[in-house]
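Undergrad: Coordinates for the following, if possible.
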Amino acid sequence: MKSAVTSIVAALCLALMSSMLLAHPGHDHAHWSSELIHMLTWLAIASVIVGGLIYKQVLGRKDSKQEDKNHDA
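TA: As a prediction, the model looks like this:
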């Protein structure tokens, strides 16, 4: 049940954010802040990827410890 709710919330967020992420008519790469904005965007993407990898590793260790406990019993 929790997984279904999480999936629905994630799908809604992606659907709603995609229209907000489109460039506005005045999108200008020559503006002084464009480099900063692009760098922060790439940093955010990298942070999500690294966070996901760390989460998978921590989750994998947790699962392996539980398997060891169950195997010893």
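Undergrad: where along this protein do the helices fall?
TA: Along the chain, counting by DSSP state H, helices occupy 2-20, 34-72.
Undergrad: The longest one packs against which elements?
TA: If contacts are counted by 3 or more C-beta pairs under 8 Å, 6 or more residues apart in numbering; DSSP states H and E, helix 34-72 sits against no helix or strand. Just so you know, the C-beta spots here come from the backbone N, C-alpha and C atoms, and that holds for glycine as well.
Undergrad: Buried residues in it, which are they?
TA: For helix 34-72, burial by neighbour count (16 or more other C-beta atoms under 10 Å) applies to no residue.
Undergrad: Just want the most central residue of the chain.
TA: In the chain, the residue lying closest to the centroid (C-alpha atoms, centre = their mean) is residue 48, at 4.0 Å.
Undergrad: Could I get the phi/psi values of residue 30?
TA: Main-chain dihedrals, residue 30, degrees, to the nearest 10: phi -90, psi -10.
Undergrad: Burial check on it, number of neighbours?
TA: Here the number of neighbours of residue 30 (other C-beta atoms under 10 Å) works out to 5.
Undergrad: who's in contact with the helix or strand bottoming out on mean pLDDT in the chain?
TA: Within the chain, no helix or strand scores below helix 2-20, which has a mean of 77 by mean pLDDT, DSSP states H and E. Residues outside helix 2-20 that contact it (C-beta atoms under 8 Å, 6 or more residues apart in numbering): none.
Undergrad: and that helix, how far out from the chain's middle?
TA: 12 Å (C-alpha atoms, centre = their mean, to the nearest Å).
Undergrad: Just the C-alpha atoms of that helix, please, in CSV.
TA: Taking C-alpha atoms only, helix 2-20 is exported to CSV below (Å, rounded to 0.1, in the frame of the first residue of the first chain):
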residue,chain,number,x,y,z
LYS,A,2,2.8,2.4,0.9
SER,A,3,4.6,1.6,-2.3
ALA,A,4,1.5,2.4,-4.4
VAL,A,5,1.0,5.7,-2.7
THR,A,6,4.7,6.6,-3.2
SER,A,7,4.4,5.6,-6.9
ILE,A,8,1.3,7.8,-7.4
VAL,A,9,2.9,10.8,-5.6
ALA,A,10,6.1,10.4,-7.7
ALA,A,11,4.1,10.2,-11.0
LEU,A,12,2.0,13.3,-10.1
CYS,A,13,5.2,15.2,-9.2
LEU,A,14,6.9,14.3,-12.5
ALA,A,15,3.7,15.1,-14.5
LEU,A,16,3.3,18.5,-12.8
MET,A,17,7.0,19.5,-12.8
SER,A,18,7.6,18.7,-16.5
SER,A,19,5.6,21.7,-17.6
MET,A,20,7.4,24.0,-15.1
